[in-house]
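Quick one, fold the following:
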Amino acid sequence: MNTKVLILLGLAAIVAADSRETYAYRAPRASSEESFESTEAKYNFNWAVSDDSSSNEFGHQEARDGDDTQGSYYVQLPDGRLQKVTFYVDGDDGYVADVTYEGEARFDSVESVESREYRPRYSYDSNESK
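Coordinates of the predicted model:
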């Protein structure tokens, strides 16, 4: 009986090895150089927020075409100045930024920490049962 089982297993192994198709991994190939170029990154976007009630003002603009990336963003600082960052990507040198400020810093509306009145942010109900 053991001999029959061994012969059947041997035959099954031979049949499986013989009928197995060979699949090899191949890197994806572009059909032409043009189709490769069409997959490069290309975008252009911008957005902005301006809220007069909270003096929030900020935004971002960026454009990319292949390896050429450039843009800017800005934010209204608490001291009243507008901070602007203009940037571009320069190949191996990476991200290159130029930071500028518009306006004068104002601190007249800022209340000092010592002058603030302490206000607890919790309440205690003495009628609450424990």
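
got the contact list for Trp47?
Shown in contact with Trp47 (C-beta atoms under 8 Å, 6 or more residues apart in numbering): 59-60. Bear in mind the C-beta positions are built from the backbone N, C-alpha and C, glycine included.

Now do it, the pLDDT please.
At Trp47, the model reports a pLDDT of 92.

How about Glu128?
Confidence score, pLDDT, at Glu128: 54.

Ile7: what secondary structure?
Of the three states, Ile7 takes helix under DSSP: H, G, I helix; E, B strand; the rest coil.

count of residues packed around it?
10 (other C-beta atoms under 10 Å).

pLDDT below threshold where in this structure?
Residues of the chain meeting the criterion pLDDT under 70: 17-24, 30-38, 108-130.

For it, just list every one of the helices.
Taking DSSP state H, the helices of the chain run over residues 2-19, 33-37.

Dump the first one to PDB, keeping only the CA atoms.
Coordinates of the C-alpha atoms in helix 2-19 are reproduced here as PDB (Å, rounded to 0.1, in the frame of the first residue of the first chain):
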ATOM      1  CA  ASN A   2       2.800   2.400   0.900                       C
ATOM      2  CA  THR A   3       4.400   1.800  -2.500                       C
ATOM      3  CA  LYS A   4       1.200   2.600  -4.300                       C
ATOM      4  CA  VAL A   5       0.900   5.900  -2.400                       C
ATOM      5  CA  LEU A   6       4.500   6.800  -3.100                       C
ATOM      6  CA  ILE A   7       4.100   6.100  -6.800                       C
ATOM      7  CA  LEU A   8       0.900   8.200  -7.000                       C
ATOM      8  CA  LEU A   9       2.500  11.100  -5.200                       C
ATOM      9  CA  GLY A  10       5.600  10.900  -7.500                       C
ATOM     10  CA  LEU A  11       3.400  10.800 -10.600                       C
ATOM     11  CA  ALA A  12       1.300  13.800  -9.300                       C
ATOM     12  CA  ALA A  13       4.500  15.800  -8.700                       C
ATOM     13  CA  ILE A  14       5.800  15.000 -12.200                       C
ATOM     14  CA  VAL A  15       2.400  16.000 -13.800                       C
ATOM     15  CA  ALA A  16       2.200  19.200 -11.700                       C
ATOM     16  CA  ALA A  17       5.800  20.200 -12.600                       C
ATOM     17  CA  ASP A  18       5.300  19.500 -16.200                       C
ATOM     18  CA  SER A  19       2.000  21.400 -16.600                       C
END
